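Sequence first, predicted model second:
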Amino acid sequence: MSDNSFGKVAVLGAGTMGAGIAQVCAQAGSTVVLCDINDEFVQKGMQRIAAFLQKGVDKGKTTEEQRDATLARISTSTDRAAACKDVDLVVEAVPEKLELKNGIFRELGEVVSATCVLASNTSSLSLAKVFDGVNGPERCIGWHFFNPVPIMKLLELVRTDATSEATIEASQAYGRLLGKEPILVKDSPGFASSRLGVCLGLEAIRMLEAGVASAEDIDKAMVLGYGHPMGPLKLTDLVGLDVRLAIADYLREELGLEGFAAPELMRKMVADGLLGKKSGQGFYAW
Ligand code: CAA
């Protein structure tokens, strides 16, 4: 793989996003180690990847050989430092907690090689804070993928003031190798995608709360009237109400805009465990 400068990749976090990222990196020919805090989590991530690849075979989109080769390129680990020691790239996709992400990158900055690129899949947190105090800030960058990762074409690259041109260029090249179209965005709350997408989702929940229309009809308004592939309530279910609530609270605080204040209905649903697709029930039954 001459044009792949990231032959060895570590993906931290084996949830929905981490598993998808590991899959697309392996599909592009990289050797990937998928890492999480316990074996149950990494095995669930591997099952998710295997199931997606199998669905691809069933649909005639993937050959059995491609499925097997992709799976063979992914190994698992619960030892983060050991998994990252020799890799060219780390992509972090752990829960959206600033202290957690920053702690991981501070630790890894001392462990990885001097040229290893450190990427965070945060969907809204300040990258300057995520990478605060990390050794080698020029190789640190945001790589924001979209759910479902193997299907969605966008890769939102987020640069801090310290990110080097070389890091950006290598990220753009690898993003294209993954079959993604990279966009480049300045480190600012919610970047380009979450700031717009979350705003629409919150307003849809407020409309549902106020009885403007049913969930189905609010979604239909955007699908049939605006050509969105999926309505904002169904999309909130897909992403997870808890994930979107955390983003909304963060953006409300950072941007100081009332439009990002989370509706009571959303807080109640999260408190009741109605998180969307992953819990089986959100605005829709899954
Ligand atoms: N392997 C290979 N290809 C597959 C596949 C698989 N397992 N599963 C699906 N595909 C392919 C399909 O064959 C199809 O390809 P073609 O267009 O070439 O026919 C394509 O992927 C779409 O799949 P489906 O037809 O099965 O599904 P769909 O048409 O119902 O679309 C969807 C599903 C892609 C999720 C679509 O509804 C969509 O785009 N929804 C919006 C998703 C979105 O907005 N995501 C962003 C969320 S926000 C986020 O993630 C950021 C954050 O930080 C919170």
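The structure has been received and is ready for your questions.

Tell me which helix or strand Gly56 sits in.
Taking DSSP states H and E as the criterion, Gly56 maps to helix 39-59.

for that helix, what is the average pLDDT?
Average pLDDT, helix 39-59: 98.

Downstream of it, the next helix or strand is which one?
Going down the chain from helix 39-59, the next helix or strand is helix 64-72, by DSSP H and E.

Moving C-terminal from that following helix, which element do we reach first?
strand 74-77.

What residues of the helix holding Gly56 count as buried?
41-42, 45-46, 48-50, 52-53, 56 (16 or more other C-beta atoms under 10 Å). C-beta coordinates here come from the backbone N, C-alpha and C atoms, glycine included.

Same question for stretch 263-276.
Buried residues in stretch 263-276, defined by neighbour count with 16+ other C-beta under 10 Å: 263, 265-266, 269-270, 274-276.

what's Val42 in contact with, if anything?
For Val42, the contacting residues are 14, 34-36, 76-78, by C-beta atoms under 8 Å, 6 or more residues apart in numbering.

Could you tell me how far it is located from the ligand?
From Val42 over to the ligand the distance is 20 Å, taken as C-beta to the nearest ligand atom, to the nearest Å.

do Val94 as well
Distance from Val94 to the ligand, counting by C-beta to the nearest ligand atom: 13 Å.

ok, that residue touching Leu100?
Yes - between Val94 and Leu100 there is a contact at 5.8 Å, judged by C-beta atoms under 8 Å.

Going by distance to Tyr284, which of the contacts of Val42 wins?
Nearest to Tyr284, judged by C-beta to C-beta, of these is Ala14 at 25.7 Å.

Report the contact partners of the closest one.
Here Ala14 is in contact with 22, 34-36, 41-42, 44-46, 76 (C-beta under 8 Å, 6+ apart).

closest to Lys153 among those residues?
Relative to Lys153, the closest of these is Ala22; by C-beta to C-beta it sits at 18.3 Å.

what does the one helix or strand in the chain whose mean pLDDT sits lowest contact?
Least confident element among the helices and strands of the chain, by mean pLDDT, DSSP states H and E: helix 241-255 (a mean of 94). With contact meaning C-beta under 8 Å, 6+ apart, helix 241-255 is reached by 96, 123-126, 189-190, 194-195, 198, 201-202, 236, 257-258, 260-262, 266-267, 269-270, 274-276, 282.

Which ones, among those, also lie beside the ligand?
123, 194 (C-beta under 6 Å from any ligand atom).

Pull out the buried members of the contacts of helix 241-255.
Buried positions within the contacts of helix 241-255, assessed by neighbour count (16+ other C-beta under 10 Å), are 96, 123-126, 189-190, 194-195, 198, 201-202, 236, 260, 262, 266, 269-270, 274-276, 282.

In helices only, show me the residues you listed.
If you go by DSSP state H, the buried ones among the contacts of helix 241-255 have 194-195, 198, 201-202, 236, 266, 269-270 in helices.

Now tabulate the residues you listed in JSON lines and tack on pLDDT.
Putting these into JSON lines (pLDDT from 0 to 100) gives the following:
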{"residue": "Ser194", "pLDDT": "93"}
{"residue": "Arg195", "pLDDT": "93"}
{"residue": "Val198", "pLDDT": "96"}
{"residue": "Gly201", "pLDDT": "98"}
{"residue": "Leu202", "pLDDT": "98"}
{"residue": "Thr236", "pLDDT": "97"}
{"residue": "Met266", "pLDDT": "98"}
{"residue": "Met269", "pLDDT": "98"}
{"residue": "Val270", "pLDDT": "98"}
